[in-house]
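> Got a predicted structure plus its sequence, pasted below:
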Amino acid sequence: MKKILVLLGASLALVACKEQEETIRSAGPQLPSKLYSYVWNRSQPTFTGNSWLRNVRITDEKATLGRVLFYDKALSVNNVTSCGSCHMQSKGFGDGKALSEGFLFNETPRHSMHIVNTGANSRFFWDGRSVILKDQVLLPISNHIEMGLEDENLLIAKVDAIDYYDDLFEEAYGNGLVTKERIAEALASFVGSIVSYNTKFDQVERGVDRFTALEEKGKDLFNNKYNCASCHGGKNFNAEWGETAFSNIGLDAEDTDEGLNGRFKVPNLRNVMVSAPYMHDGRFSTIEEVLNHYSSGLKQNANLDWRLRQFDPTGMNISPDEKEALIAFLHTLTDYDLLSDPKYSDPF
Ligand code: HEC
Ligand code: HEC
């Protein structure tokens, strides 16, 4: 009962505070009058050090501008898609589809990636073709399937013509001038601020929570017996550096998608339980299918990673109990704060 009262009190306070904070700007996005904080504080693990951060200093004003740009369909040529169409907060910034629909409802050739802790990325996209986040964020806008705004001058003119951007650029940059560089930096600031550090896994690391026996068993299988961590390593469960971040896991004997010389990016497994379907082509709709692949579905692809070649030719033979434990562990990587934090939500 006490717990319920506390919760009720807290949510009432939140509503009151929200009412006070939210002011509606003329027919545009709803933004809080006191900016949300996007700059990382020292108590958060930073997951950084990579090239893109040296080019972008996140400020709350730039990230706020970036949030509006991220969700603004005006950034597509026919006002149909925004970044948020294919990167939804509730799905860990993935979109829940095997392949995404672009501005003309054509399908993207690959599955949308769930965005998290991009500061820990050394390369972007399944094939790693982009190295710097500030460059990467402009590519979907001009992409002929995703948003279709191929002419940079048209992008600048469109944004420039929208009233609510006057103040947002002014606040972020000291004047209202709209440039491609500023759009890129603001988007990168918002995307770069999508930082996960408060999963159950993190809380256990910090000593404020404990794994159940099943989760603990899953962690042990993940790190030791099946050594998933040899690829999905560190606090981001990915491979952080350069081309070693890419592997072939034998999805097919012969690939139809070349990736990076027959290999694909090792995805960060934070929020993986809310970001199905899986793999670069979204072929698996459940986590069970993913584990069945590792267990008994490996194909002898010429590029198959050496870390997987050590197992039985078709896979790891993971028992049903072990699968259950691995799934319990993967659930501890969901960051509920990130999935519901209003600062990352759609302001329109
Ligand atoms: C129509 C769907 C769609 C739209 C719209 C879209 N994306 Fe994506 N996004 C994707 C797909 C698909 C991929 C993977 C593409 C690939 O690997 O070839 C991706 C990959 C990414 C990545 C790489 C993540 C990583 O870990 O490597 C980032 C960052 C990203 N998108 C940000 C954005 C931003 C910013 C926008 C808006 C300017 C945007 N996306 C618009 C579908 C979309
Ligand atoms: C040899 C490196 C390697 C090992 C070992 C490995 N993975 Fe992966 N994992 C990858 C790569 C690379 C992908 C993406 C493959 C693709 O899309 O072509 C991936 C994809 C995944 C995905 C899908 C994520 C998404 O967002 O689509 C999950 C879940 C996953 N792995 C879990 C595991 C588990 C659990 C283990 C251990 C049983 C494991 N992996 C072992 C490299 C590895």
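Structure received. Numbers count the residues shown, from 1 in each chain. Ligands and ions are numbered 1, 2, ... in the order given.
> Was I right to think Ser189 contacts Lys62?
Yes - the pair Ser189 and Lys62 passes the contact test of Cβ atoms under 8 Å, sitting 4.1 Å apart. All C-beta spots, glycine's among them, are computed from the backbone N, C-alpha and C.
> burial measure for the residue of the stretch 201-348 of the chain found nearest ligand 1, as a count.
Per Cβ to the nearest ligand atom, Lys265 is where the stretch 201-348 of the chain lies closest to ligand 1, at 6.2 Å. Neighbour count for Lys265, taken as other Cβ atoms under 10 Å: 22.
> What residues are bridge-paired with it?
Phe246 (DSSP bridges).
> Could you list the low-pLDDT ranges of the protein?
Applying pLDDT under 70 to the chain flags residues 1-27, 41-55, 241-243.
> Just want the most central residue of it.
Ile115 (0.9 Å; Cα atoms, centre = their mean).
> That residue - that's part of a helix, no?
No - applying DSSP: H, G, I helix; E, B strand; the rest coil, one finds Ile115 to be coil, outside a helix.
> List the contacts of it.
By Cβ atoms under 8 Å, 6 or more residues apart in numbering, the contact list for Ile115 reads His87, Gly92, Phe93, Gly94, Val191, Ile194.
> CSV please, covering those residues and showing neighbour count and secondary structure.
Converted to CSV, these look like this (neighbours: other Cβ atoms under 10 Å; DSSP: H, G, I helix; E, B strand; the rest coil):
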residue, neighbour count, secondary structure
His87, 22, coil
Gly92, 28, coil
Phe93, 26, coil
Gly94, 26, strand
Val191, 26, helix
Ile194, 24, coil
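> near ligand 1, from the residues you listed?
Near ligand 1, judged by Cβ under 6 Å from any ligand atom, the entries from the contacts of Ile115 are His87, Val191.
> just to revisit the earlier point, go ahead and confirm the residue of the stretch 201-348 of the chain closest to ligand 1 touches Ser122.
No - using Cβ under 8 Å, Lys265 is not in contact with Ser122, being 9.8 Å away.
> joint contacts of the two?
Ala245.
> ok, for Leu139, nearest residue in space, not its chain neighbours?
Ser130 (6.5 Å; Cβ to Cβ, 6 or more residues apart in numbering).
> Quick check: residues of the stretch 101-250 of the chain near ligand 2?
Going by Cβ under 6 Å from any ligand atom, the residues of the stretch 101-250 of the chain near ligand 2 are Tyr226, Cys228, Ser230, Cys231, His232, Ser247, Ile249.
> Go through these and say which is closest to Tyr38.
Checking those against Tyr38 with Cβ to Cβ, the nearest one is His232 at 26.9 Å.
> For that closest one, which non-adjacent residue is spatially closest?
Nearest one to His232, counting by Cβ to Cβ, 6+ apart, is Leu269 at 5.3 Å.
> Isn't that neighbour up against Gly234?
No - using Cβ under 8 Å, Leu269 is not in contact with Gly234, being 10.7 Å away.
> Settle it for me: which of those two has more neighbours?
Taking neighbours as other Cβ under 10 Å, Leu269 and Gly234 compare with Leu269 leading, 21 against 12.
> residues in contact with the more buried one?
His232, Asn236, Phe237, Asn238, Leu330, Leu333.
> The third one - nearest residue in space that isn't next to it in sequence?
Which is Phe237. Leu269 (3.6 Å).
> Domain-wise, how is the chain divided?
Following the assignment in automatic domain parsing, the chain carries domains at 27-194, 200-331.
> dump the residue contacts of the closest residue in space to Leu149 that isn't next to it in sequence.
Leaving aside its chain neighbours, Leu149 sits nearest to Val77 (4.6 Å; criterion: Cβ to Cβ, 6+ apart). By Cβ under 8 Å, 6+ apart, the contact list for Val77 reads Phe103, Met147, Gly148, Leu149, Glu150, Leu154.
> Next one: Val77 relative to His144, how far apart?
10 Å (Cβ to Cβ, to the nearest Å).
> Overlap of the contact sets of those two?
With Cβ under 8 Å, 6+ apart as the test, Val77 and His144 both reach Glu150.
> which stretches of the stretch 151-300 of the chain form helices?
Assigned helices in the stretch 151-300 of the chain, in chain order: 152-160, 164-173, 180-192, 200-205, 213-220, 287-292 (criterion: DSSP state H, counting those that start in this stretch).
> coming back round to it: and which of the contacts of Ile115 is nearest Ala302?
Gly94 (29.4 Å).
> isn't that closest one right up against Met113?
Yes - shown here, Gly94 and Met113 form a contact pair, counting by Cβ under 8 Å, at 6.8 Å.
> could you pull out the helices for the stretch 1-150 of the chain?
Under DSSP H, counting those that start in this stretch, the stretch 1-150 of the chain gives helices at 2-21, 51-55, 60-71, 83-86, 133-136, 139-142.
> still on that earlier bit, pick the most deeply packed of the helices of the stretch 151-300 of the chain.
Highest mean neighbour count of these: helix 180-192, a mean of 23 (counted as mean count of other Cβ atoms under 10 Å).
> That helix to helix 164-173, inter-axis angle?
Angle of helix 180-192 versus helix 164-173, following axes from the mean of the first three to the mean of the last three Cα atoms, to 10 degrees, is 80 degrees.
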